[in-house]
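>>> got a predicted structure here, sequence first:
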Amino acid sequence: MTEPTVSGVSARMRERIESLDAEGVLFWDGALPPPEAERVAQAFALPGDLWHCGLKLGMRGLPGAIDFVAPTWMLNRDPDPSLEATSWRLTLRACLMRSEVLRRMGRIDPAFLTLEGASLELGHRYIRRGVLMRHVPWLLPESWDEAPASLPFEDEMRFVYDRFGGFWSRWAAFRAIITGYAGPARAVRALREGTAAARPPDPAPLHAADGNSRGGDASAKITVLIPTLDRYAYLRPLLAQLADQTVPPLEVIVVDQTPLVRRDAALAEAFPGLPLRLIHREERGQCSSRNAGLELARGDAILFLDDDDEIPPDLIERHLASLRRFRADVSCGVADETGAGPLPEAFSLVRASDVFPTNNTLVHRAVLRGSGLFDLAYERGARADRDLGMRVYLAGNLMVLNPAVSVIHHHAPQGGLRAHGARVITYASSRARLTDRHLPSATEIYLARRYFTARQVRENLFRRGVSTLGIWGGRSRKLAKLLLGLVLLPDTLFRIQRRSREAAGMAKRYPQIPPFDGADRPSSEEASNRQSFDRPGSPGLGREGARS
């Protein structure tokens with residue numbers, strides 16, 4: 001038994017880290033109904049590393065100040081508290097974790113005033129360093145549901161400082177004052193008190209991205225789906241690489257939208273050893289083309305690729321091994337972008353995925369039955385993959401990003417979304433060129449409006465506008481970009497407002513999300529084939545535990 005305070009729990013965690021000899025640790029508030037041993041054991045056998053009841057116990061939407069720094073981050077939108085789903089908003093009042101997590105990833109920060117604030121920081125730190133965290137509402141009785149808790153603003157500032165650093169804590173305080181979220185005196189005091197102590201260091205990643213491709217089922221039935229438009233020079237090498245996979249695909253569906261006058265009539269015969277299925281579409285559109293291919297898919301899982309990807313010979317095997325290793329529903333890989341430099345650190349870690357890249361993702365077909373297909377709102381605009389990923393995540397599916405599953409993305413200079421005038425200016429180009437501004441498109445704003453609050457949408461647009469003032473490089477380049485950005489600021493605001501109005505109009509016509517029927521398959525067969533990807537069950541929970 002431990003006093004349910006920050007100092008008490010922090011001290012107990014410090015004591016237990018070195019002496020743990022059980023497989024798991026259970027934190028439980030004595031004011032809650034006693035934990036049921038059978039439910040605890042069932043939770044410990046689930047995929048993941050940590051299971052909790054945070055959303056059910058009032059942690060939804062907290063801390064509010066995160067909206068000033070990561071307003072439309074996928075995992076900042078909470079799933080329904082009644083669902084078993086990925087969530088970093090844990091509470092130590094009802095939390096079960098593998099002992100390895102506590103030993104390697106550290107304890108709560110004792111600088112917080114409340115256990116709620118310290119738990120949220122711990123959850124964010126854990127999930128960003130690779131701990132697979134799942135909200136499991138049935139650890140508590142079904143009738144138990146608490147209203148959202150509240151945090152002192154000092155703890156909100158401490159959270160932002162610990163997780164995002166000094167600059168962003170000052171930014172959050174500034175935005176809190178400007179928006180009326182906190183008064184000036186309180187915000188300044190909270191900033192001073194919340195940043196007084198040192199930040200806890202980020203631990204080493206929990207899971208290694210070792211690149212071991214063993215474990216993929218050679219009999220797995222995988223459909224590879226590739227939309228293409230005027231990119232045969234890139235598509236042909238990709239198809240040759242698919243023909244040499246260590247786990248051969250069941251089928252490769254290419255949805256060709258290239259105009260008839262430029263269409264490659266010899267493509268079908270060029271790869272006799274590849275189970276290639278060609279679909280020709282006269283009307284161009286990224287969502288309708290992928291949806292058309294998905295309706296014909298016969299595989300137990302779908303691998304999404306872009307036509308300008310370059311892939312290793314064991315890509316499919318690595319995806320299958322990742323699904324099996326983590327018992328995941330979705331395996332998300334990474335893409336090394338040609339000419340873009342090294343990937344950000346977040347994409348070098350195995351972690352719960354907050355992206356759904358349709359140029360390197362393997363997903364069980366049953367997941368798409370639950371989420372539906374691509375929303376036609378993005379037919380000729382950016383973020384169709386993020387929208388589908390949001391629906392997959394909010395439905396409770398476990399998505400794991402594994403940097404060992406990697407492709408090279410060539411960013412072909414023609415075809416694809418560029419044919420629709422989208423993705424002309426990227427974030428990287430805006431940070432490399434003085435005149436480029438990476439402004440949100442109407443489809444990006446539409447997506448934000450669909451899944452996030454009005455405040456989160458507002459903060460996202462404000463940040464995007466301010467980001468046009470930044471650039472990589474030395475002081476002279478940064479000063480030149482700032483001055484040019486200030487001159488262009490009225491035009492920047494006008495464009496954002498115009499696209500916001502367009503997004504509001506889109507919200508009246510969309511979403512248009514076709515259901516995923518796919519090639520007919522008996523549900524029992526589909527379930528059996530899905531289980532063939534899964535890792536064998538985990539061992540039971542040891543009785544060693546800590547209670548708060």
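Structure received. Numbering: from 1, shown residues only.
>>> pull the CA atoms of whatever helix or strand residue 157 lives in into PDB?
Assessed by DSSP states H and E, residue 157 sits inside helix 153-164. Taking Å, rounded to 0.1, in the frame of the first residue of the first chain, the C-alpha atoms of helix 153-164 are listed here in PDB:
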ATOM      1  CA  PHE A 153      -2.200  25.100 -14.800                       C
ATOM      2  CA  GLU A 154       1.200  24.600 -13.200                       C
ATOM      3  CA  ASP A 155       0.900  20.900 -14.000                       C
ATOM      4  CA  GLU A 156      -0.100  21.700 -17.500                       C
ATOM      5  CA  MET A 157       3.000  23.900 -18.000                       C
ATOM      6  CA  ARG A 158       5.100  21.200 -16.400                       C
ATOM      7  CA  PHE A 159       3.700  18.700 -18.800                       C
ATOM      8  CA  VAL A 160       4.500  20.800 -21.800                       C
ATOM      9  CA  TYR A 161       8.000  21.600 -20.500                       C
ATOM     10  CA  ASP A 162       8.900  18.000 -19.800                       C
ATOM     11  CA  ARG A 163       7.600  16.700 -23.100                       C
ATOM     12  CA  PHE A 164       8.300  19.500 -25.500                       C
END
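>>> between the helix or strand that it is followed by and helix 153-164, how many degrees?
Using DSSP H and E, the helix or strand that follows helix 153-164 in sequence is helix 166-179. If you take axes from the mean of the first three to the mean of the last three CA atoms, to 10 degrees, helix 166-179 sits at 140 degrees to helix 153-164.
>>> what packs against helix 166-179?
Helices and strands touching helix 166-179, by 3 or more CB pairs under 8 Å, 6 or more residues apart in numbering; DSSP states H and E, are helix 153-164, helix 184-194, helix 454-467. C-beta coordinates here come from the backbone N, C-alpha and C atoms, glycine included.
>>> between the last one and helix 166-179, how big is the angle?
When you say that, I think you mean helix 454-467. Interaxial angle, helix 454-467 versus helix 166-179 (the same axes, to 10 degrees): 120 degrees.
>>> tell me the buried residues in the helix or strand that helix 454-467 is followed by?
Downstream of helix 454-467, the first helix or strand assigned by DSSP H and E is helix 475-509. For helix 475-509, the neighbour count (16 or more other CB atoms under 10 Å) marks 481, 484, 485, 492, 496, 499, 500, 502, 503, 506 as buried.
>>> quick check: mean pLDDT of helix 475-509?
Across helix 475-509, pLDDT averages out at 94.
>>> tilt between that helix and helix 454-467?
150 degrees.
>>> tell me, how many residues neighbour residue 341?
10 (other CB atoms under 10 Å).
>>> quick one: contacts for it?
residue 428 (CB atoms under 8 Å, 6 or more residues apart in numbering).
>>> what about the closest residue to residue 110 other than its chain neighbours, how many neighbours?
The shortest distance from residue 110 to any non-neighbouring residue, by CB to CB, 6 or more residues apart in numbering, is to residue 10 (4.3 Å). Counted with other CB under 10 Å, the neighbours of residue 10 add up to 19.
>>> what's the end-to-end length of stretch 468-483?
The straight-line separation of the ends of stretch 468-483 (CA to CA, to the nearest Å) is 11 Å.
>>> what's the spacing between it and its chain's center?
For stretch 468-483, the separation from the chain centroid amounts to 30 Å (computed by CA atoms, centre = their mean, to the nearest Å).
>>> show residues contacting it.
By CB under 8 Å, 6+ apart, stretch 468-483 touches 430-434, 437-439, 485-486, 488-489, 492.
>>> just confirm residue 347 is within a helix.
Yes - counting by DSSP: H, G, I helix; E, B strand; the rest coil, one finds residue 347 located in a helix.
>>> residue 314 versus the nearest residue in space to it that is not next to it in sequence, what's the distance?
Leaving aside its sequence neighbours, residue 347 sits nearest to residue 334 (CB to CB, 6+ apart; 5.0 Å). For residue 334, the distance to residue 314 equals 15 Å [CB to CB, to the nearest Å].
>>> same deal with residue 372?
Counting by CB to CB, the gap from residue 372 to residue 314 is 31 Å.
>>> what comes up buried for stretch 6-26?
Applying 16+ other CB under 10 Å to stretch 6-26 flags 6, 9, 10, 12, 13, 16, 17, 20, 23, 24, 25, 26 as buried.
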